[in-house]
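Visitor: curious how this folds, go ahead:
(one chain, ligands or ions: 1)
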Amino acid sequence: MTQLNEPHLPADPSGDSAWETALAQLDEAAELMGLAPGVHEILRAPKRSLSVSVPFRLDDGSTRVCQGYRVHHNVTRGPAKGGLRYHSSVDLDEVKALAMWMTWKCAVAQIPFGGAKGGVAVDPKALSRSELERMTRRYASEILPFIGPERDIPAPDMNTDEDIMSWIMDTYSMNHGYSVPGVVTGKPVSIGGSRGRAGATSRGVMYTIFSTLKSLGIGIEEVSVAIQGYGKVGGHAAQLLHDAGCRVVAVSDVDGGLYRDRGLDPEAINRHKKLGGSVSGCPGAEPVTNAELLEIDCDVLVPAAVEGVISVKNADKVKARVVCEAANGPITFEGDKILSERGVFVVPDILANSGGVTVSYFEWVQDIQAYFWSEEDVNERLRQIMERAFVEVYQMAEDKGLTMRQAAHWIGVGRVAEAHLTRGLFP
Ligand code: NAD
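Guide: Residues are numbered from 1 along each chain as shown. The predicted model follows:
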């Protein structure tokens, strides 16, 4: 393919934004693998970005308008797939970055989807349940032409859950006049959700940590783990790793964290969180801040909250031997360089947290077939995909002297580029 445009402006790798990080990672992979310039240019820009205003009625009768987005980064390998985030900091650049990472993630896991992401700039905690439902249904209506089982399949991400997926599925189905379960994943099992989806991302993180420890010759028992973010991904991961015999020494959420050298009990933390809404203040543990948690002396650090938490500002203070990115983009491009120079083994997001999209793919397949699998089947198929993806990335990193992130991008970008070159450039 020949070059299509003016040469692009290089990404600013020192920028801490998710979009700068995503572009810098792609540019680095393109250079390492000698990617054709035309394909590189195509992959730098999302295929389509939709920005919508979302008006909805508040309980007091007044109207509020929020900004929403849905981005399809690439659909060359299949329908677009990616989560939906509700957070006051959501903007188009963040959604573009998250959509790009979804493209590589699906390719690394060899799942026949492209990459998408959506978001609404809103603090959902400030809304009542009925306000949240009205906002979600209006957002779903606004992005209706973008989504569908063959087009784009949203799923939960930060601050979105299976109720929100149910409302989107219902809104889409009502507009079509029949039930369309395959339009979203992460739904309740009662309307076509998959067994095992709720904990899938965390289970995938656990399998990836086990593969990492095996490759590094470290035993699972007594490995100490610190987890930032105690939501759907971090909370489940804490429980699974604890049950598997690891020592979960620290956890946190947006309000603060907990530390206990002998190990925390996730069940006690869950009970405490149910009462007050936060892990913070759980008895029997010392308080830690989110910044301190990242610098704790432990074997495995699992950032499972937001982007950019490890950067040039603190990467030299990270003491963990392994960082497993359960969150998307928790390490900036320059922060990553520092960790790599210091010999920290970083398992990149596009590999480590691909368990979620993998079981979302299983859910979509089950919805289309209208034939549902047992949880054991789901977990076993997930394990096989996660282990195969890890081995492929690890082998590539060893063979070519790359970091795990460079190898994962080489594989992911390479598969998407191959699909582009095979299909050719329309028209
Ligand atoms: P969630 O909303 O269920 O949980 C987020 C957690 O992070 C909460 O405990 C919250 O208090 C905490 N948090 C928020 N801001 C924080 C901050 N500034 N510092 C520390 N903690 C903070 O979200 P989730 O679905 O668990 O997603 C977490 C991360 O995992 C996101 O990066 C998301 O994109 C990624 N991810 C999620 C899935 C999934 O299936 N849900 C799949 C792949 C990747």
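Visitor: C-alpha coordinates for stretch 343-361, PDB please?
Guide: Coordinates of each C-alpha in stretch 343-361 appear next as PDB, following Å, rounded to 0.1, in the frame of the first residue of the first chain:
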ATOM      1  CA  GLY A 343      13.900  -4.800  34.700                       C
ATOM      2  CA  VAL A 344      10.300  -4.700  35.900                       C
ATOM      3  CA  PHE A 345       8.300  -7.400  34.000                       C
ATOM      4  CA  VAL A 346       5.200  -5.500  32.700                       C
ATOM      5  CA  VAL A 347       2.300  -7.600  31.300                       C
ATOM      6  CA  PRO A 348       0.500  -5.100  29.000                       C
ATOM      7  CA  ASP A 349      -3.300  -4.400  29.200                       C
ATOM      8  CA  ILE A 350      -4.000  -5.700  25.700                       C
ATOM      9  CA  LEU A 351      -2.900  -9.100  26.900                       C
ATOM     10  CA  ALA A 352      -3.600  -9.100  30.600                       C
ATOM     11  CA  ASN A 353      -7.200  -7.900  30.600                       C
ATOM     12  CA  SER A 354      -8.400  -9.600  27.500                       C
ATOM     13  CA  GLY A 355     -10.400 -12.100  29.500                       C
ATOM     14  CA  GLY A 356     -13.300  -9.700  29.500                       C
ATOM     15  CA  VAL A 357     -13.600  -9.400  25.800                       C
ATOM     16  CA  THR A 358     -12.900 -13.100  25.300                       C
ATOM     17  CA  VAL A 359     -15.900 -14.100  27.400                       C
ATOM     18  CA  SER A 360     -17.900 -11.200  25.800                       C
ATOM     19  CA  TYR A 361     -17.100 -13.000  22.500                       C
END
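Visitor: now it: buried residues?
Guide: 344-361 (16 or more other C-beta atoms under 10 Å). Placement of C-beta: from N, CA and C, glycine included.
Visitor: now narrow the residues you listed to whatever sits close to the ligand.
Guide: The subset of those within reach of the ligand, by C-beta under 6 Å from any ligand atom, is 353, 356.
Visitor: tell me which parts of the stretch 251-400 of the chain are close to the ligand?
Guide: Residues of the stretch 251-400 of the chain lying near the ligand (C-beta under 6 Å from any ligand atom): 252, 253, 254, 290, 304, 305, 306, 326, 327, 328, 353, 356.
Visitor: is it true that the third one touches residue 289?
Guide: So that's residue 254. No: counting by C-beta atoms under 8 Å, residue 254 sits too far from residue 289 to count as a contact (11.4 Å).
Visitor: can you tell me which residue is nearest the centre of the chain?
Guide: residue 328 (4.6 Å; C-alpha atoms, centre = their mean).
Visitor: wait, that residue sits on residue 98?
Guide: Yes: in this structure, residue 328 is within contact of residue 98 by C-beta under 8 Å, at 5.7 Å.
Visitor: give me the common contacts of these two.
Guide: residue 18 (C-beta atoms under 8 Å, 6 or more residues apart in numbering).
Visitor: who touches stretch 127-145?
Guide: So stretch 127-145 is contacted by 50, 52-59, 64, 66, 68, 70, 118, 120, 122, 124, 147, 163-164, 167-168, 170-172, 175 (C-beta under 8 Å, 6+ apart).
Visitor: in that stretch, which residues are buried?
Guide: Under 16+ other C-beta under 10 Å, the buried positions of stretch 127-145 are 127, 131-143.
Visitor: report the mean confidence score over that stretch.
Guide: The average pLDDT within stretch 127-145 is 98.
Visitor: residue 314: neighbouring residues, count only.
Guide: 14 (other C-beta atoms under 10 Å).
Visitor: okay, it: pLDDT?
Guide: 98.
Visitor: residue numbering should commence at 40 henceforth.
Guide: Shifting the count to begin at 40 puts that one at residue 353.
Visitor: quick check, it in contact with residue 329.
Guide: No: using C-beta under 8 Å, residue 353 is not in contact with residue 329, being 10.8 Å away.
Visitor: what bits of the protein have low per-residue confidence?
Guide: Within the chain, the segments meeting pLDDT under 70 span 40-54.
Visitor: all strands for it, in order.
Guide: 87-96, 102-113, 119-126, 153-160, 191-195, 263-267, 286-292, 295-298, 325-327, 339-342, 361-363, 384-386 (DSSP state E).
Visitor: adjacent strands (with direction) for the first one?
Guide: The one in question is strand 87-96. Using DSSP bridges, the strands paired with strand 87-96 are strand 102-113 (antiparallel).
Visitor: so what's the gap between the partner strand and the chain middle?
Guide: Between the centre of strand 102-113 and the centre of its chain there are 18 Å (C-alpha atoms, centre = their mean, to the nearest Å).
Visitor: can you pull up the bridge partners for the spatially closest residue to residue 86 that is not a sequence neighbour?
Guide: Excluding its sequence neighbours, the residue lying closest to residue 86 (C-beta to C-beta, 6 or more residues apart in numbering) is residue 111, at 4.8 Å. Judged by DSSP bridges, the bridge partners of residue 111 are residue 87, residue 155.
Visitor: check contacts around residue 111.
Guide: Here residue 111 is in contact with 85, 86, 87, 88, 119, 138, 153, 154, 155, 185, 191 (C-beta under 8 Å, 6+ apart).
Visitor: and the last one, what does it touch?
Guide: When contacts are counted by C-beta under 8 Å, 6+ apart, residue 191 is found next to 109, 111, 114, 118, 119, 120, 121, 155, 185.
Visitor: with the third one instead?
Guide: With contacts defined as C-beta under 8 Å, 6+ apart, the neighbours of residue 87 are 110, 111, 185.
Visitor: one more: the second one?
Guide: With C-beta under 8 Å, 6+ apart as the criterion, the residues that contact residue 86 are 111, 112, 113, 114, 153.
Visitor: how near is residue 385 to the ligand?
Guide: Taking C-beta to the nearest ligand atom, to the nearest Å as the measure, residue 385 falls 15 Å from the ligand.
Visitor: thought that residue was touching residue 378?
Guide: Yes: using C-beta under 8 Å, residue 385 is in contact with residue 378, at 5.5 Å.
Visitor: if we look at stretch 329-336, which residues are touching it?
Guide: 265, 267, 288-291, 293, 295-296, 298, 327, 340, 342, 344, 348-349, 353, 356-359.
Visitor: the same query, at a cut-off of 7 Å, please.
Guide: Contact partners of stretch 329-336, identified using C-beta atoms under 7 Å, 6 or more residues apart in numbering, comprise 265, 267, 288-289, 291, 296, 298, 340, 348-349, 353, 356-358.
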